[in-house]
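Just need the structure, nothing else, for what follows:
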Amino acid sequence: MVEREVVTDVDLTKRPQKDWENIYHVHIVNGEIEGGDIDEFNFAYNLMRSEFYTLPNAMEKHKELDYSIAEEMQQRAMNIYSDIMLNADKAEKLLLKNKYIQTNYVLNYR
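Residues are numbered from 1 along each chain as shown. Predicted coordinates:
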């Protein structure tokens, strides 16, 4: 198993889903995320459980579409999602099967 560091710079700023989509260079195609403004934990969890498509960077390089930011951000979302799931207790994992909840890990993150 590949070891990696826990993501230590998760953005706790509450933003609308559209703002997170712009930051991550993605568009979620299977619905709205419940709860109004959300933090990065919530967005990453929902992104990894959604259908989405990636958007190219605003600047094209040599007329080829560049998806490097979207790829980096998807990897970040995968890592944040893993951190949530790996640090959840059994009861939290059961709840996370159906929807996002603030686990003890998320609540104590700082």
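
show me where this structure has strands.
Listed in chain order, the strands of the chain (DSSP state E) span 26-28, 52-54.

Show the secondary-structure elements that the last one is packed against.
Same thing as strand 52-54. The contact analysis (3 or more Cβ pairs under 8 Å, 6 or more residues apart in numbering; DSSP states H and E) places strand 52-54 against strand 26-28, helix 68-86. C-beta coordinates here come from the backbone N, C-alpha and C atoms, glycine included.

I'd like the ones you listed written out as JSON lines, with mean pLDDT, distance to residue 47 and mean neighbour count added.
Listed next are the helices and strands packed on strand 52-54 as JSON lines, based on pLDDT from 0 to 100; distance: least, Cβ to Cβ, whole Å; neighbours: other Cβ atoms under 10 Å:
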{"stretch": "strand 26-28", "mean pLDDT": "96", "distance to residue 47": "7", "mean neighbour count": "17"}
{"stretch": "helix 68-86", "mean pLDDT": "97", "distance to residue 47": "5", "mean neighbour count": "17"}
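
Tell me which of these sits nearest to residue 109.
helix 68-86 (8.9 Å; Cβ to Cβ).

quick one: low-confidence parts of this structure?
Within the chain, the stretches falling below the threshold (pLDDT under 70) are 1-2, 59-63.

and the gap between the residue positioned nearest the centre of it and residue 84?
By Cα atoms, centre = their mean, the chain has its centre lying nearest to residue 44, at 1.4 Å. Remark: distance between residue 44 and residue 84 (Cβ to Cβ, to the nearest Å) = 8 Å.

Also residue 12?
14 Å.

for residue 49, same thing?
Going from residue 49 to residue 84 by Cβ to Cβ gives 11 Å.

Could you count how many residues lie near the nearest residue to residue 100 once chain neighbours are set aside?
Spatial nearest neighbour of residue 100, excluding adjacent residues (Cβ to Cβ, 6 or more residues apart in numbering): residue 45 at 4.6 Å. Residue 45 has 23 neighbours, counted by other Cβ atoms under 10 Å.

Is it correct that residue 45 is in contact with residue 81?
Yes: using Cβ atoms under 8 Å, residue 45 is in contact with residue 81, at 5.7 Å.
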